[in-house]
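Trainee: based on what follows, work out the 3D shape:
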Amino acid sequence: MAENLWPPNSDPRNVENRRLEIVKEALRQSESCLWTSTMLFTWLRLVRLQHKAVILLPIILTGLVGFSYIKEWVPAWGVALMAFVSTLIPSIAEALDIQTHVDELKRLAAEYKALQDRFRRLARITALGDVDEAEKELAELMDRLDAARSSSITPPQRYFESARRQIEGGHYDFAVDLQTGETPSGKSRSK
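Mentor: Next up, the predicted model:
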């Protein structure tokens with residue numbers, strides 16, 4: 001029986017098919033990371049605002065309750081309610097672990113944004129060179145993506161809708177992409 005003397009990847013069509021599949025997968029993952037990072041950054045804005053409110057609201061309420069003039073304008077039950085709420089807010093914030101959410105969202109949003117850029121670079125630059133090296137980098141990036149996904153943070157649906165409006169509205173289109181007709185949203189745009 002004849003022995004195959006050709007190396008497994010010597011067929012130029014096979015190499016080009018692999019290159020094309022690497023490029024397509026890298027662009028797919030880049031787009032996925034764009035959507036996810038956009039959702040997370042949008043959600044992060046609200047969580048940061050909530051975090052600030054949790055810190056400031058008890059201070060403001062306690063200060064208001066301490067003013068003797070407030071008792072002339074607000075009934076006694078209103079003053080008591082403000083005092084109660086001012087002591088309740090920190091406990092609720094602690095139970096909801098808001099600070100952890102801020103830190104986790106910051107970390108994940110930055111990781112997805114970095115992965116978006118790395119996948120795009122892989123598709124546009126690295127894959128043009130050695131296909132084996134590009135495949136190895138794709139595997140490494142997919143491992144990083146799996147690690148980021150393992151946290152399983154799920155933004156509420158309204159942040160997906162907000163991300164869609166931002167991306168499809170062209171907020172993440174760069175001038176250089178517009179000149180070549182390529183945009184992160186996948187839509188061709190004319191000048």
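
Trainee: residue 42 contacts residue 163, doesn't it?
Mentor: Yes: counting by C-beta atoms under 8 Å, residue 42 sits close enough to residue 163 to count as a contact (6.1 Å). Where you see a C-beta, it was placed from the backbone N, CA and C, and this is true even at glycine.

Trainee: looking at those two, which is more packed in?
Mentor: With neighbours defined as other C-beta atoms under 10 Å, residue 42 and residue 163 compare such that residue 163 has more, 23 against 19.

Trainee: for the more buried one, which non-adjacent residue is closest in space?
Mentor: Distances taken as C-beta to C-beta, 6 or more residues apart in numbering place residue 38 nearest to residue 163, at 3.9 Å, with adjacent residues excluded.

Trainee: likewise residue 111?
Mentor: Among residues not flanking residue 111 along the chain, residue 148 sits closest, at 4.8 Å (C-beta to C-beta, 6+ apart).

Trainee: now residue 115. Nearest residue, chain neighbours left out?
Mentor: Nearest in space to residue 115, with sequence neighbours left out and distances taken as C-beta to C-beta, 6+ apart, is residue 33 at 4.6 Å.

Trainee: same deal with residue 74?
Mentor: The shortest distance from residue 74 to any residue that is not its chain neighbour, by C-beta to C-beta, 6+ apart, is 7.6 Å, and that residue is residue 82.

Trainee: and residue 109, by the same measure?
Mentor: If you skip the residues right next to it in sequence, residue 109 has residue 40 as its closest partner in space, 3.8 Å away by C-beta to C-beta, 6+ apart.

Trainee: next, count neighbours for residue 171.
Mentor: Burial of residue 171 is recorded as 12 neighbouring residues (other C-beta under 10 Å).

Trainee: from residue 173, how far off is the residue nearest the centre of the chain?
Mentor: The centroid of the chain falls nearest to residue 37 when counting by C-alpha atoms, centre = their mean (1.8 Å). When distance is defined by C-beta to C-beta, to the nearest Å, residue 37 is 15 Å away from residue 173.

Trainee: before we move on, back to that, and the residue nearest to residue 74, what pLDDT?
Mentor: At residue 82, the pLDDT value in this model is 86.

Trainee: what's in contact with whichever helix or strand it is part of?
Mentor: Residue 82 belongs to helix 76-96 when elements are defined using DSSP states H and E. By C-beta atoms under 8 Å, 6 or more residues apart in numbering, the residues outside helix 76-96 that reach it are 51, 54, 57-58, 61-62, 64-65, 70-71, 74, 99.

Trainee: buried subset of those as a PyMOL selection?
Mentor: Only the buried members of these enter the following PyMOL selection, criterion being 16 or more other C-beta atoms under 10 Å:
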select buried, resi 54+58+61+65+74
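
Trainee: which one of the contacts of helix 76-96 is nearest residue 135?
Mentor: Each of those was scored against residue 135 by C-beta to C-beta, and residue 99 proved nearest at 40.5 Å.
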